[in-house]
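> Quick one, fold the following:
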Amino acid sequence: MDIRIIKAPSTGTLRIIQRRLSSMELEDIHDFGAVGLLQGKIMDMLYAADIAEKTADVCVEDIRGNCPTTMTTLAIFGSVEAVEIAIQEIRKSGKEDGR
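Below you'll find the model as predicted:
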């Protein structure tokens, strides 16, 4: 699983994310200061989404992509602290880097 955190995402970055969101509008997410991006196998992303929402005040959304395989990308929206907590818990779960 690849993981990145974007703190204070730029307007352009938010526009790119907005175009790729499956169902959610960025306006539906209030006061987020960071976006955590995770890419990996679908089952690992579902597991990560569940962990993130259960451990931190974040909103998780699937991002549409171009990968024709079983890979998918998630966006975790929230405050910098909440996104970092969610990512930390996902890493602790042992589902990072194919473990």
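> Identify the residues contacting the residue most central in space within the chain.
The residue lying closest to the centre of the chain (CA atoms, centre = their mean) is residue 75, at 2.4 Å. Residue 75 is in contact with 17, 21, 35, 36, 37, 60, 61, 62, 63, counting by CB atoms under 8 Å, 6 or more residues apart in numbering. Glycine gets a C-beta too; all of them are placed from N, C-alpha and C.
> next one: residue 60
Counted by CB under 8 Å, 6+ apart, residue 60 has contacts 49, 52, 53, 74, 75, 76, 77.
> Each with direction, which strands does the host helix or strand of the last one pair with?
When secondary structure is defined using DSSP states H and E, the element that contains residue 77 is strand 71-78. The strands that strand 71-78 pairs with in its sheet are strand 34-41 (antiparallel), strand 59-63 (antiparallel) (by DSSP bridges).
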